[in-house]
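Visitor: Kindly generate the corresponding structure for this input.
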Amino acid sequence: MVFCSRRITLTLRNLRSDKSKNIQIRMYKILLAETALPLILIHVPLIASCSLPLVDLHVNIILDYLPLLYAWYPALDPLVVLWNLKMKDIKMKKFYKRSSTAVRVVVVTSA
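Guide: Numbers count the residues shown, from 1 in each chain. Model prediction:
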């Protein structure tokens with residue numbers, strides 16, 4: 001994962017077009033958020049709840065919140081993508097609003 005992340009970062013630096021660079025950086029941030037969310041909400045609490053009792057530390061508070069974290073992950077995961085894509089959608093609406101001033105041609109054929 002570290003190797004791939006490093007390669008993506010180096011590739012993003014070498015992109016020529018600013019527009020494609022901005023899109024790729026936005027998608028890279030979404031990918032990082034999509035990776036960090038399950039890591040924080042699922043993997044870290046599960047590993048802590050399994051490994052801390054081995055060193056004689058009681059983790060009752062983690063065990064209390066573990067089902068809550070599992071339940072919130074499917075709800076928060078799409079919100080990360082939707083929030084980031086909303087910014088792109090606003091720009092697309094401005095673009096289409098600008099291009100909607102063109103002349104429209106309607107073709108009617110009789111059957």
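Visitor: Nearest the geometric middle of this protein, what residue?
Guide: For the chain, the residue nearest the mean C-alpha position is residue 30 (3.0 Å; Cα atoms, centre = their mean).
Visitor: Any buried residues in stretch 71-84, and which?
Guide: Going by neighbour count (16 or more other Cβ atoms under 10 Å), the buried part of stretch 71-84 is residue 80. From N, CA and C alone the C-beta is placed, and that goes for glycine too.
Visitor: Now do it: everything it contacts.
Guide: By Cβ atoms under 8 Å, 6 or more residues apart in numbering, the residues outside stretch 71-84 that reach it are 26, 29, 30, 33, 34, 37, 38, 41, 42.
Visitor: Of those residues, select the buried ones using a ChimeraX command.
Guide: Remark: buried members of the contacts of stretch 71-84, expressed as a ChimeraX selection using 16+ other Cβ under 10 Å:
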select :33,37,41
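Visitor: Now intersect the contacts of stretch 71-84 with the helices, please.
Guide: The members of the contacts of stretch 71-84 that map onto helices under DSSP state H are 26, 29, 30, 33, 34, 37, 38.
Visitor: Just send those back as JSON lines, with distance to residue 49 too.
Guide: Formatted as JSON lines, those follow (distance: Cβ to Cβ, whole Å):
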{"residue": "26", "distance to residue 49": "35"}
{"residue": "29", "distance to residue 49": "30"}
{"residue": "30", "distance to residue 49": "29"}
{"residue": "33", "distance to residue 49": "24"}
{"residue": "34", "distance to residue 49": "23"}
{"residue": "37", "distance to residue 49": "18"}
{"residue": "38", "distance to residue 49": "16"}
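Visitor: and of those, the nearest to residue 18?
Guide: Looking at the ones in helices among the contacts of stretch 71-84 and their distance to residue 18, the nearest is residue 26, at 12.6 Å (Cβ to Cβ).
Visitor: How are the helices of this structure distributed by residue range?
Guide: Along the chain, the segments classed as helices by DSSP H run 2-13, 18-38, 44-51, 60-99.
Visitor: would a markdown table of those with mean pLDDT be doable?
Guide: Below are the helices of the chain laid out as a markdown table (pLDDT from 0 to 100):
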| stretch | mean pLDDT |
| --- | --- |
| helix 2-13 | 81 |
| helix 18-38 | 82 |
| helix 44-51 | 88 |
| helix 60-99 | 77 |
